[in-house]
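In: Predicted model follows, preceded by the sequence.
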Amino acid sequence: QQQVKQSPQSLIVQKGGISIINCAYENTAFDYFPWYQQFPGKGPALLIAIRPDVSEKKEGRFTISFNKSAKQFSLHIMDSQPGDSATYFCAASTAGGTSYGKLTFGQGTILTVHP
Amino acid sequence: DGGITQSPKYLFRKEGQNVTLSCEQNLNHDAMYWYRQDPGQGLRLIYYSQIVNDFQKGDIAEGYSVSREKKESFPLTVTSAQKNPTAFYLCAATQGSGSEQFFGPGTRLTVL
């Protein structure tokens, strides 16, 4: 019930195209859903995050779509650029209790954007 | 320059040895975490600490130990009981639930 399932495992997109990565969760207590971007040999960095009270959040070329009833959320990267080539992780956490910000991560998606 | 520092960047260990990975933060965040990253498996939680002198096991704590004597420091010891320690280790910190979790640059541990 604590798992977050992420797909696809890898994704190849042409420059200017749209990259879409999907995640699904089971634990209905999750109430914070961040996406992280990681370049090879570096630590992950927060890209964008959403809470379940909204269905969509956009920051620049990056958009999170959230479907509470389906327990799914996705990351859309518009106008994908070669510099976006990285590994992307979705994650989820619950507020309060003993969790204190403990994140459950998806398995990651390796995105390659061809010029 | 605020953030999280991890050292060393690369670490080599002989079988049977204990090694300690350093993690220091100057963000004044209460909670700190250690994750292990293996190819194709995402990030798995080893240990986490909410306050000084207190810590909890994560999903894969066996073969690891931690301490939290100071708010800014959360070292991880990989003991000889960890049978497959070769991995990329990441330290993180956050102010609390629903807040951004900041990651360090990582330590790559290789067992020779």
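Out: Done, it's in. Numbering: from 1, shown residues only, chains lettered A, B, ... in the order given.
In: Spatially nearest residue to the residue in chain B positioned nearest to chain A (excluding sequence neighbours)?
Out: With CB to the nearest CB as the measure, B:Phe103 is the residue of chain B nearest to chain A, at 3.5 Å. Where you see a C-beta, it was placed from the backbone N, CA and C, and this is true even at glycine. If the residues on either side of it in the chain are set aside, B:Phe103 comes closest to A:Gly43, at 3.5 Å by CB to CB, 6 or more residues apart in numbering or on different chains.
In: in chain A, which spans are strands?
Out: Assigned strands in chain A, in chain order: A:4-7, A:10-14, A:19-25, A:33-38, A:45-50, A:56-59, A:62-67, A:72-77, A:86-92, A:104-105, A:109-114 (criterion: DSSP state E).
In: quick revisit: might you report the residue contacts of the residue of chain B closest to chain A?
Out: If a contact means CB atoms under 8 Å, 6 or more residues apart in numbering or on different chains, then B:Phe103 has A:Tyr36, A:Gly43, A:Pro44, A:Ala45, B:Ile4, B:Leu90, B:Cys91, B:Ala92 as its contacts.
In: Please apply the same query to B:Gln95.
Out: Applying CB under 8 Å, 6+ apart, the residues near B:Gln95 are A:Gly101, B:Leu27, B:His29, B:Asp30, B:Ala31.
In: mind checking how far the residue nearest to B:Phe103 is from B:Thr79?
Out: Taking CB to CB, to the nearest Å as the measure, A:Gly43 falls 24 Å from B:Thr79.
In: more neighbours, these two?
Out: The neighbour count for A:Gly43 versus B:Thr79, taken as other CB atoms under 10 Å in any protein chain shown, is higher for A:Gly43 (21 against 15).
In: Can you say which of the contacts of B:Gln95 are buried?
Out: A:Gly101, B:His29, B:Asp30, B:Ala31 (16 or more other CB atoms under 10 Å in any protein chain shown).
In: give me every residue that touches the third one.
Out: Spelled out, it's B:Asp30. Taking CB under 8 Å, 6+ apart as the test, what B:Asp30 contacts is A:Tyr100, B:Gln50, B:Ile51, B:Lys71, B:Thr94, B:Gln95, B:Gly96.
In: how does it look with 10 Å?
Out: By CB atoms under 10 Å, 6 or more residues apart in numbering or on different chains, B:Asp30 lies in contact with A:Tyr100, A:Gly101, B:Ser49, B:Gln50, B:Ile51, B:Val52, B:Lys71, B:Ala93, B:Thr94, B:Gln95, B:Gly96, B:Ser99.
In: Is the residue nearest in space to the middle of chain B bridged to anything, and to what?
Out: In chain B, the residue lying closest to the centroid (CA atoms, centre = their mean) is B:Trp34, at 3.0 Å. Assessed by DSSP bridges, B:Trp34 has beta-bridge partners B:Tyr47, B:Cys91.
In: which stretches of chain B have low pLDDT?
Out: B:1-2, B:97-98 (pLDDT under 70).
In: Strands of chain B, residue ranges please.
Out: Using DSSP E, the strands of chain B run over B:4-7, B:10-13, B:19-25, B:31-37, B:43-51, B:54-57, B:64-66, B:76-78, B:87-94, B:102-103, B:107-111.
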